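[1] no sequence on this one, just coordinates:
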């Protein structure tokens, strides 16, 4: 037996795919070219912005968002939802949750998201916001 074990001498069955079989298999799988979804903020309405007695700033915003899925054959499950936050400089003014939803193929979905929050140093934030409004850098709506 020349020192070879029984397994070394056993015939090996090798499953190899012919080029035709591999090519046919590869082309029988569905291929869907994908496109990235697009998101936009359509409007942001400040429904409440006030300075509290403890000098914290309370904010409520209503945001309208559009999610556009341009894919022809692919729908998207937003199973964990998401979050949306509004910041002014280093201070988070408010936050809210984007709901779970399914977006079908070639679909435009409009979402209404309510944001609320309270932040410290409200007096300095409110002063800075009012100063920027007077300089017409942004407008309250």
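    Cool, the structure landed. Keep in mind it's a predicted model, so treat the numbers as computed, not measured. Residues are numbered from 1 along each chain as shown.
[2] which residues touch the residue nearest the centre of the chain?
    By Cα atoms, centre = their mean, the chain has its centre lying nearest to residue 82, at 6.5 Å. The contact partners of residue 82, by Cβ atoms under 8 Å, 6 or more residues apart in numbering, come to 97, 98. C-beta: built from backbone N, CA, C; applies to glycine.
[3] List the beta-bridge partners for it.
    For residue 82, the beta-bridge partners are residue 98 (DSSP bridges).
[4] Walk me through which strands whichever strand or helix holds residue 64 pairs with, and which way each runs.
    Following DSSP states H and E, the helix or strand that holds residue 64 is strand 57-69. Using DSSP bridges, strand 57-69 pairs in its sheet with strand 38-51 (antiparallel), strand 107-119 (antiparallel).
[5] and of those, who's closest to residue 134?
    strand 38-51 (15.5 Å; Cβ to Cβ).
[6] Just the buried residues of the longest helix anywhere in the chain, please?
    As assigned by DSSP state H, the longest helix anywhere in the chain is helix 122-134. Neighbour-count burial for helix 122-134, with 16 or more other Cβ atoms under 10 Å as criterion, is recorded at 122, 125, 129.
[7] From the contact counts, what lies against that helix?
    Secondary-structure packing of helix 122-134 (3 or more Cβ pairs under 8 Å, 6 or more residues apart in numbering; DSSP states H and E): strand 38-51, strand 57-69, strand 82-88.
[8] so which of the ones you listed is the most packed in?
    strand 57-69 (a mean of 18; mean count of other Cβ atoms under 10 Å).
[9] Please consider this matter closed, and thank you.
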